[in-house]
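K.L.:
Please work out how this folds:
(chains A, B, C and D)
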Number of protein chains: 4
Amino acid sequence: MFDKINEECGIFGIYSKDGADVVEETYLALYALQHRGQQSCGIAVNDDGVITYRKDSGLVPDVFDKNSLKSLGAGKMAIGHVRYATKEDNNAVSAQPLVSRYVKGNIALSYNGNLLNGYELREEFMKKGGIFQTSNDSETIMYTIAQERNKAGSVEEAINNSMKLLKGAYSFVLMSPKKLIAARDPHGFKPLCMGQLNDSYIFASESCALDTIGATLIRELDPGEIAIVDDKGIRYIRDNCGGKSNMCVFEHVYFARPDSVIEGNSVHMARREAGKYLAREHHVDADLVCGVPDSGLDAAMGYAAESGIPYGLAFIKNRYIGRTFIQPTQNARERAVKIKLNSLSSTVKGKRIVLVDDSIVRGTTVAQIIKLLRDAGAKEVHIRISSPPFLYPCYFGTDIDSRDKLIANNFTKDEICQQIGADSLGYLSIEALSKIAPNAKCDYCIGCFTGKYPVEVPDELEKDKFKDKITKK
Amino acid sequence: MFDKINEECGIFGIYSKDGADVVEETYLALYALQHRGQQSCGIAVNDDGVITYRKDSGLVPDVFDKNSLKSLGAGKMAIGHVRYATKEDNNAVSAQPLVSRYVKGNIALSYNGNLLNGYELREEFMKKGGIFQTSNDSETIMYTIAQERNKAGSVEEAINNSMKLLKGAYSFVLMSPKKLIAARDPHGFKPLCMGQLNDSYIFASESCALDTIGATLIRELDPGEIAIVDDKGIRYIRDNCGGKSNMCVFEHVYFARPDSVIEGNSVHMARREAGKYLAREHHVDADLVCGVPDSGLDAAMGYAAESGIPYGLAFIKNRYIGRTFIQPTQNARERAVKIKLNSLSSTVKGKRIVLVDDSIVRGTTVAQIIKLLRDAGAKEVHIRISSPPFLYPCYFGTDIDSRDKLIANNFTKDEICQQIGADSLGYLSIEALSKIAPNAKCDYCIGCFTGKYPVEVPDELEKDKFKDKITKK
Amino acid sequence: MFDKINEECGIFGIYSKDGADVVEETYLALYALQHRGQQSCGIAVNDDGVITYRKDSGLVPDVFDKNSLKSLGAGKMAIGHVRYATKEDNNAVSAQPLVSRYVKGNIALSYNGNLLNGYELREEFMKKGGIFQTSNDSETIMYTIAQERNKAGSVEEAINNSMKLLKGAYSFVLMSPKKLIAARDPHGFKPLCMGQLNDSYIFASESCALDTIGATLIRELDPGEIAIVDDKGIRYIRDNCGGKSNMCVFEHVYFARPDSVIEGNSVHMARREAGKYLAREHHVDADLVCGVPDSGLDAAMGYAAESGIPYGLAFIKNRYIGRTFIQPTQNARERAVKIKLNSLSSTVKGKRIVLVDDSIVRGTTVAQIIKLLRDAGAKEVHIRISSPPFLYPCYFGTDIDSRDKLIANNFTKDEICQQIGADSLGYLSIEALSKIAPNAKCDYCIGCFTGKYPVEVPDELEKDKFKDKITKK
Amino acid sequence: MFDKINEECGIFGIYSKDGADVVEETYLALYALQHRGQQSCGIAVNDDGVITYRKDSGLVPDVFDKNSLKSLGAGKMAIGHVRYATKEDNNAVSAQPLVSRYVKGNIALSYNGNLLNGYELREEFMKKGGIFQTSNDSETIMYTIAQERNKAGSVEEAINNSMKLLKGAYSFVLMSPKKLIAARDPHGFKPLCMGQLNDSYIFASESCALDTIGATLIRELDPGEIAIVDDKGIRYIRDNCGGKSNMCVFEHVYFARPDSVIEGNSVHMARREAGKYLAREHHVDADLVCGVPDSGLDAAMGYAAESGIPYGLAFIKNRYIGRTFIQPTQNARERAVKIKLNSLSSTVKGKRIVLVDDSIVRGTTVAQIIKLLRDAGAKEVHIRISSPPFLYPCYFGTDIDSRDKLIANNFTKDEICQQIGADSLGYLSIEALSKIAPNAKCDYCIGCFTGKYPVEVPDELEKDKFKDKITKK
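P.N.:
Presented below is the predicted three-dimensional model:
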């Protein structure tokens, strides 16, 4: 809706020995993960090696109704996926799970991340006669596993070996004919947790999906860990483990749902903490602290509590404006913001406002938001951002990939203030950022702020290498 | 979604001398009014007496897309409608605006309210040969106006005379071949405001619809007032004016959007005030004040500010669960609540919680919500309701109509506490309720709390008289 | 698809004492009547006075699926409707059955025809305060019956009295709370037959609908006859009977399905007879007789049999081109014909062809059809039309209403031949036309050929009086 | 609809140097090929190596509308596909064209046929690490070509080499980044013709697709021939040519559209010839020759012409009953036939009827059809089948694959007569069958009648080897 960085995917898997309705659980869980991807979604169910699936462009309620859920039948295990996509890649063929037949039967894969060597791996397979029906890394991962399976004694061994070949960020769940397997890359860029509901084992990108279906969080997978569930229970391969987690810090800042626990730390609390440090680093005399709904609300509460300035509501967000909304034709951008957000003049009139948001990317909408406050009578508007300025591209699956469009790269803080009409602007420091999740024992990836990445990154972004596109409409 | 009383409708009308895109403005405004009715919606546009319309079951984005909006064409005026419906009346035929031809050409009507003598008026018309294609009061109103038009010199005179025949609650906008007319019943049960955008005059149930399209609020119509807009400008008939407004107090407590101004008073501020009085009347020692999202959030902020107890978030509401959501099959109600609301254990664990909501109707979901808090580790849960207990039916168009189902009618406060698992329960007093909108100069209808109504009410509810239903699927 | 006159409607009604699935029977019967109208369709079912219905734009399979049929529930009686509409009147609001509440409960009406005094009757009702939600005669008929019901002892008496007020062509079926009633205007312009299936009584525009559901044709209703079915059985009112049928002769020539029996005469046989007389009146030396699919096939067989010239197939019609077909952008008309019809050069090459069709209206496609034959190698093409030339408008519900567009009005036979590229052109004579249905004892309406109508017709066509339209999109 | 053998696919490809609208031409051509497959369809367009496609379950008008056609953009070449599927394989994932990236860029394939060694080839690829996302031979063919491409100098050379590996029936069109290539297996089991429209080259399963878009038939591809079109024009590889065509004779008997020319012979004429020989081989004294619509009509005309018995219409087929038709619940099969076919009692009453159809497979509907004639008053019903009895399975892509269900395998002619209620039954002899297409210089595959196939066939049918299915819903 606004000027945001977006996560690429949410994944889910469930294995039930005791006859749980795995399709229904997956369907409900995908609702809980919907914030991680709204472009497409899918569910695959495995009935003793026979896989039935449905996936399409659209939100969960667009793709699934009673009849389509029923048509999937039943089985011991199911996996699901929600996908975000940039405008350039609005491609029905990329919906997941990816389902295919390999040498040992049918497999299905739901994946979140971005491979750094995906292009090279594809080239290699194609030189041996391989064909690729999507431009999705999931197909590359599946090919790698299929190839390794011919040399390995089991699918989990093949996955273990594949993890030595795959470079980059990935968390995935995979169904083989008899097993549900979850894996997280050795750097742990992407979250993946496991839970239990009666006799069912569950894997999900975020713990809020476990809460939603009433499951209990067991723990998060370690970086490099593989978990295998079958009728004999659960077991782990930790051959690729050992490295410290380089979880993307933006999961705490913006991506994850506030009620999730990531790296042992409540996301909501991390955001309040960010607000607290922001208040310490960028104090200002003001009458009211407000957040931009919904992404700035948690940090705004933290800022208010720390600063002692009252917390209040500055905007009402229209909850009915969705993806199908038709943009107004006149004064497009300004109106578009007004339709989605309405300011509460009763709250802001005559006030000096601290307005908190999680980030500024291109800076395209914040000016309109500030104008809404001014029109409603705000005397001063001080912008506080609960993360450092974006300066570098992300190579790991979020949709910021070019430095040109990042406002912080092109203008000074004062210039930005002037452009957007703010009285002041304060970003959270990198130092403070490192403290917002005190329970987490990880070495966050903060490459988009520092340009220093936990792994060597290529000169060129992967996606620019695929010039001759295939698009399904 | 939850256990709520619901408003029946939102209405909108626009007249533009200067070529505004009246269809687009109506479409955008209906998004702002969508909270008043999610069952059906419609738009009618008047191009010099030729009326084109579209209406159907569904939300605004379900019923209108680019093509269907375009197919409506253009015109000087348009009216729109959103409709709530009880389960018993999920009837496509009741969608509005109602469009028909009467003796002087085509007319269209969008209406919000409930007639007390609708059945009697229908009987009368039918005895003269009339036929009714809906069970909607809008058709009765249109018949009344059509009949009066034959005796009157103008449509506005016919409306003025009709208002002497129509008993009950009604706000409506009507397009005749050349005029846009808005009217509010002499008791002013339902809100209706007017605004201006360049040369366009606008009428809407709530001011948030004006804000959304960038229009300025002029004022609210007085009870009994008729406003007529045509090419000569705006004029008023105030023949039925004089009575004090008996606006439904529940507009302030729950129905209206917080950013609207009703009877001169900010709805958000009224709810904060309700929270403030609630804190004074029902203090309790506690660690955290939370609201049930979204209906209790404003009052919770007021409670927190007044009591000095910190305000916090106890729940995350899933924003993607909509009307098409498929109910889980197991342990239905409990799961349904969990899927929509997830508690934040990081916030509530070990805490004594004050949980604020706007009302309890049947008490069917509050127990599950309290259970969510207990499961998340809350030590105590104190329920505070920002309105008095419902004890009597509403005759004016909200969907509470039977005393049997009202929990407050059947159990004492202690019994309710026990049933829902609360440590304590406090309702706002009727006295305090009268103070929450200090700017309002009206004599609110509070009949659902007191049993005393501003007008004589029938022994029996209107809807029970229509036994042989017509239903469109 | 081609240049044709079209019928406006097909109607159906069923009353079952013994628990037949009246909704399913109506649904199946509407498929059999679909050729009479493809714009919209609907079904209404009456469960002891409670009426549930569904109607919408589209073909039967577009409007009804398993779920929507099921949602209609069950009942003792149901009526259905299919509707043709001219481009100018593609209006969702005109779908039938029309359902409404009148003084004695709920009624529903399916109607086929055209009133000559509809406008006058509407004016009269509106002067008494009536409102009209459609521009459909069905609403006028229902108003008339509702008005008469207040003065009569029963609904059938009200219908009997209404028939003295209604001028023009109409066949209808009507459900009152307890009765299913069918009626045909005193001139019998439109067909209506009755049948029986076990204990069910059935009425339908054409007997093919009876065959389809396995019912037996009892007889056709007489002009002016009313049939009433209720739990006591069937009875008739014949107060308006006595006149000779003025059935539209075009039912035999083109409108009806060949397997129907109309006025006691097989439609297929009538068309073969027309071909026979055509062969006698317009003999030509030729090698092959072909029909334009599908409307000319029956008459072509008759022509071939009578002339002794072999019958053959000249064209294959694409059965998958339906209403949703997208017109090609280049050389539109020519291509459009080619896509729908392909000539069989193996049959026509080097041959002198007699090409039979039922009529020429504007002459817009016949030239392309002849060109297809020439391109396929036909040496000569002789056009034979199994009806006389159209010279006058129809006032009774078919969609030819202006003399300007009729090619026969504007050009001589020779000019037409030249325009369309035919070697010769022959029309059936009016005299021969009167003999094509020898079993029929009726005085066909042939006003479109002669300008002499069975009743006095207005100066102006009804539809031109409604200038300020209401359109539902 | 009835008891028929079905063809599996129709294919189409176009290459235009001069800017023809290749998407529109493909769309129109698919309508002409729709009879070859109604389950799914698709179009892929190649814009200088960038391929955009759309494919889905449904008829052409279900899958494509104006917007979706437009979204495909433009390009120099496009291919299309329509697909038939057995009930067991109603699988959205099998829609074609198949589009993928291989070592030299993007390719797309539309295919008609059945591989005999598909399973073995897949096993081989999987053992090298290959994955299969469909159970479709098109993926196997693409893999084979991709593999061969790594060893060959061009895609056409890779195809030429692949043809030595692929066993069975296949005709396909393929787009590489720069070329449109069409190929037909060395036995020529499946038809494939080429045509020209201005500067465009076109390939299609049947010539009726060429006629539809106004293209001229150049010739049919020879068995084993490869045609390559690019900016330099057209050229051929005939390395695998030389064998005589073993075209499936059922293309002439039933599969192809009557207006197509297959192996140089008009399909309509072949069917008339079949009728002629049938009349000679199985004469009977009768009053009328009729065909079962539409499959028996052509042969019935031939029978009538040869025997001198008059040709007539016995049935009207409902043209609106499509795939979405809901089966009636009572006496299902009998009613289902009645709804689709209605007998013309005016024609058949009291007559001795020769009823011609193209084939009897399981014999499930012919009994109902005969009953319709008897109920309509037919005195005698003599069944004549314009092909020999089915006795053996087909291995080449039609959907008869088990001998158990073939009525001719299980009963004598007399037993069948008794079962279906016929007075006599006559099949066309194998000898006569060989004469129905006198212009054809081919050695038809008639294995389903004789059990002798042009190539060695496996013991087991391919499809039985895939037990663990993948199904997309």
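K.L.:
Could you verify that residue A:110 is part of a helix?
P.N.:
No: read with DSSP: H, G, I helix; E, B strand; the rest coil, residue A:110 is strand and lies in no helix.
K.L.:
Of all residues in the stretch 51-200 of chain A, which one is closest to chain B?
P.N.:
Using Cβ to the nearest Cβ, the closest approach of the stretch 51-200 of chain A to chain B is made by residue A:61 at 4.2 Å. (C-beta placed from N, C-alpha, C; glycine too.)
K.L.:
so is that residue in a helix, a strand, or just coil?
P.N.:
Residue A:61 falls in the helix class when you classify it by three-state DSSP.
K.L.:
ok, it to residue A:112 distance?
P.N.:
Using Cβ to Cβ, to the nearest Å, we find residue A:61 at a distance of 21 Å from residue A:112.
K.L.:
Looking at these two, which is more packed in?
P.N.:
When residue A:61 and residue A:112 are compared for neighbours, residue A:112 comes out ahead with 31 against 19, by other Cβ atoms under 10 Å in any protein chain shown.
K.L.:
can you give me phi and psi for the residue lying closest to the more buried one once chain neighbours are set aside?
P.N.:
Counting by Cβ to Cβ, 6 or more residues apart in numbering or on different chains, residue A:112 lies nearest to residue A:9, which is 3.8 Å off, once chain neighbours are set aside. Phi and psi for residue A:9, reported as degrees, to the nearest 10, are phi -160, psi 160.
K.L.:
need the contact list for residue A:9.
P.N.:
A:36-37, A:81-84, A:96, A:110-113, A:205, A:397 (Cβ atoms under 8 Å, 6 or more residues apart in numbering or on different chains).
K.L.:
let's see 7 Å
P.N.:
A:36-37, A:81-84, A:111-112 (Cβ atoms under 7 Å, 6 or more residues apart in numbering or on different chains).
K.L.:
Adding secondary structure, write the residues you listed out as CSV.
P.N.:
Formatted as CSV, those follow (three-state DSSP):
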residue, secondary structure
A:36, helix
A:37, coil
A:81, strand
A:82, strand
A:83, strand
A:84, coil
A:111, strand
A:112, strand
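K.L.:
Including pLDDT and distance to residue C:445, could those go into a markdown table?
P.N.:
Formatted as a markdown table, the contacts of residue A:9 follow (pLDDT from 0 to 100; distance: Cβ to Cβ, whole Å):
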| residue | pLDDT | distance to residue C:445 |
| --- | --- | --- |
| A:36 | 94 | 69 |
| A:37 | 92 | 65 |
| A:81 | 98 | 66 |
| A:82 | 96 | 64 |
| A:83 | 93 | 64 |
| A:84 | 85 | 66 |
| A:111 | 95 | 72 |
| A:112 | 95 | 73 |
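K.L.:
Filter the residues you listed down to the buried ones, PyMOL style.
P.N.:
The PyMOL selection below is limited to those of the contacts of residue A:9 classed as buried (16 or more other Cβ atoms under 10 Å in any protein chain shown):
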select buried, chain A and resi 36+37+81+82+83+84+111+112
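K.L.:
Just give me the closest of the contacts of residue A:9 to chain C.
P.N.:
If you rank those by distance to chain C using Cβ to the nearest Cβ, residue A:82 comes first, at 27.3 Å.
K.L.:
mind checking how far the spatially closest residue to residue A:49 that is not a sequence neighbour is from residue A:149?
P.N.:
Nearest residue to residue A:49, sequence neighbours excluded (Cβ to Cβ, 6+ apart): residue A:177, at 3.8 Å. Using Cβ to Cβ, residue A:177 is found at 12 Å from residue A:149.
K.L.:
Would you mind giving the domain segments of chain A?
P.N.:
Domain assignment of chain A by automatic domain parsing yields the ranges A:9-246, A:266-318+A:333-445.
K.L.:
Take these and lay them out in CSV including distance to residue C:378.
P.N.:
Converted to CSV, the domains of chain A look like this (distance: least, Cβ to Cβ, whole Å):
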stretch, distance to residue C:378
domain A:9-246, 48
domain A:266-318+A:333-445, 62
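K.L.:
Which among those domains is found nearest to residue D:287?
P.N.:
Counting by Cβ to Cβ, residue D:287 lies closest to domain A:9-246 out of the domains of chain A; the figure is 50.8 Å.
K.L.:
Can you give me the end-to-end span of the closest one?
P.N.:
Using Cα to Cα, to the nearest Å, the span of domain A:9-246 from its first residue to its last is 18 Å.
K.L.:
Could you check how far it is from the centre of its chain?
P.N.:
15 Å (Cα atoms, centre = their mean, to the nearest Å).
K.L.:
Just list the residues touching residue A:416, thanks.
P.N.:
By Cβ under 7 Å, 6+ apart, residue A:416 lies in contact with A:363, A:407, A:425.
K.L.:
Tell me the secondary structure at it.
P.N.:
helix.
K.L.:
Please report how far it lies from chain B.
P.N.:
For residue A:416, the distance to chain B equals 26 Å [Cβ to the nearest Cβ, to the nearest Å].
K.L.:
per-residue confidence at that residue?
P.N.:
The score at residue A:416 is 96. That number is its pLDDT.
K.L.:
With residue A:299 instead?
P.N.:
At residue A:299, the pLDDT value in this model is 98.
K.L.:
returning to what we had before: I figured the residue of the stretch 51-200 of chain A closest to chain B hits residue B:321, correct?
P.N.:
No: checked against Cβ atoms under 7 Å, the pair residue A:61 and residue B:321 is beyond contact range at 8.2 Å.
K.L.:
Report the secondary structure element holding residue A:335.
P.N.:
In the assignment (DSSP states H and E), residue A:335 maps to helix A:332-340.
K.L.:
Name the next helix or strand downstream of that helix, please.
P.N.:
Following helix A:332-340 toward the C-terminus (DSSP H and E): strand A:341-343.
K.L.:
Is there contact, residue-wise, from the helix or strand following that next one to chain B?
P.N.:
Per DSSP H and E, strand A:341-343 leads on to helix A:345-348 as the next helix or strand towards the C-terminus. Yes: using Cβ under 7 Å from any Cβ of the partner chain, helix A:345-348 reaches chain B at A:346-347.
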